[in-house]
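Visitor: Okay, predicted coordinates and the sequence, questions at the end:
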Amino acid sequence: MLKENKISILPTTYFSNLSSVKEERKQITIAFLNDLLKKHLGREIKDLSFDKTENNPNSKDDKLSRFDIACVLDGGEKVDVEMQVCDEHNIKRRTLYYWSTLFMSSCHSGTGYKDLCPAICINILDFVLFPDRKRSFASFS
């Protein structure tokens with residue numbers, strides 16, 4: 001029988017503090033991301049820099065997006081961490097939108113597509129997103 005490990009994170013305490021006092025919480029953020037990503041990345045994260053959380057639209061028709069936590073890892077990977085308590089039935093598409101925004105932000109004039117930095121979205125949800133999946137970690141490439 002598989003034993004499922006569950007972590008309880010209160011968004012009004014830890015997570016909101018993490019996003020508002022970023023530099024003071026840097027080591028906690030690194031430890032948190034290492035727990036989630038070390039095996040997937042194949043290395044330990046030693047450092048990160050916090051990035052702007054608001055992504056302004058390029059034109060009046062574009063959508064504003066606001067990440068809960070945005071950072072760039074020491075390997076160049078861009079990471080968005082989102083906390084969602086209520087199921088608004090839009091998290092799959094919103095995650096794809098946020099991911100694509102992160103991914104394309106490393107593409108500049110003269111940059112080759114092979115030089116694009118990996119983008120990682122982490123969703124901490126208080127609801128089940130994939131009821132048919134037994135694992136809570138999913139990697140899509």
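Guide: Right, received. Where do you want to start?

Visitor: any residues touching the helix ranked longest in the chain, and which ones?
Guide: In the chain, taking DSSP state H as the definition, the longest helix is helix 26-41. Around helix 26-41, the neighbours that count as contacts under C-beta atoms under 8 Å, 6 or more residues apart in numbering are 18, 22, 44-48, 50, 69, 71, 73, 75, 77, 79, 120, 122, 137, 139. Quick note: C-beta positions are derived from backbone N, CA and C, even for glycine.

Visitor: Stretch 114-132 now?
Guide: Against stretch 114-132 from outside (C-beta under 8 Å, 6+ apart): 9, 15, 33, 36-37, 72, 76-87, 91-92, 95, 98-100, 102-103, 106-107, 138.

Visitor: can you do 6 Å?
Guide: For stretch 114-132, the surrounding residues in contact (C-beta atoms under 6 Å, 6 or more residues apart in numbering) are 76-85, 87, 95, 98-99, 102-103, 106-107.

Visitor: Sort out which of these are buried, if you could.
Guide: If you count burial by 16 or more other C-beta atoms under 10 Å, the buried members of those come out as 77-84, 95, 98-99, 102-103, 106.
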